[in-house]
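In: Just the structure for this:
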Amino acid sequence: MESQIVNMTNGDQKFWSIEDKGRKAEEHIRNEDQFDVNSWMILIREAQIRSIHDARIMFEKAMAQFPGCYRFLKLYLEKEMREGDIEHLDKVLCRLIVIRTLFAFDSQYRFVSILSDPCQRNQSEQS
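Out: Sure thing, here's the model as predicted:
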């Protein structure tokens, strides 16, 4: 199973991360579980303290792996607000708006579906 993070190299570096903990997380993502949120969070935390250029690489990889992850996108937006330029900030903000809109629409759709279908209403009450 090959992860999307494999192509995430800066020049001659084998790993994006410069910390041991981050390198272990990258290795885990590459070789064992590319959907391990804890490993991705280690890399995101490191991205928060690195330069905006380096951080964008990691945030984009995380968003490619978890496109609907509001938490990662929110952290990306906060990083862009602190250190980025208006063009990148605008792109990240637009992605955030799309995700929130889709989530709100999905939630309303499910709510209306449950109200209109007595069988679903009984199932949701039993859960």
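
In: What is the distance between the longest helix seen in the chain and the centre of its chain?
Out: When the chain is parsed with DSSP state H, its longest helix is helix 86-116. For helix 86-116, the separation from the chain centroid amounts to 15 Å (computed by C-alpha atoms, centre = their mean, to the nearest Å).

In: Stretch 62-71 now?
Out: Distance, centroid of stretch 62-71 to centroid of chain: 3 Å (C-alpha atoms, centre = their mean).

In: end-to-end on that stretch?
Out: End-to-end span of stretch 62-71 (C-alpha to C-alpha, to the nearest Å): 11 Å.

In: Repeat that for stretch 80-89.
Out: 5 Å.

In: Could you pull up the mean pLDDT of it?
Out: Across stretch 80-89, the average pLDDT comes to 91.

In: ok, now stretch 31-39?
Out: Mean per-residue pLDDT for stretch 31-39: 95.

In: Now do Phe105, the pLDDT please.
Out: 72.

In: Low-confidence regions, the protein specifically.
Out: 1-13, 118-127 (pLDDT under 70).

In: can you give me the helices in it?
Out: Going by DSSP H, the chain shows helices at 20-31, 37-49, 52-65, 70-83, 86-116, 118-126.

In: hang on, the earlier thing: give the other helices and strands that the longest helix of the chain contacts.
Out: For helix 86-116, the elements it packs on are helix 52-65, helix 70-83, helix 118-126, judged by 3 or more C-beta pairs under 8 Å, 6 or more residues apart in numbering; DSSP states H and E. The way it works is simple: take the backbone N, C-alpha and C, and place the C-beta from them, glycine included.

In: Please tabulate these in a markdown table, including the columns distance to Ser107.
Out: As requested, the helices and strands packed on helix 86-116 are exported to a markdown table (distance: least, C-beta to C-beta, whole Å):
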| stretch | distance to Ser107 |
| --- | --- |
| helix 52-65 | 21 |
| helix 70-83 | 13 |
| helix 118-126 | 13 |
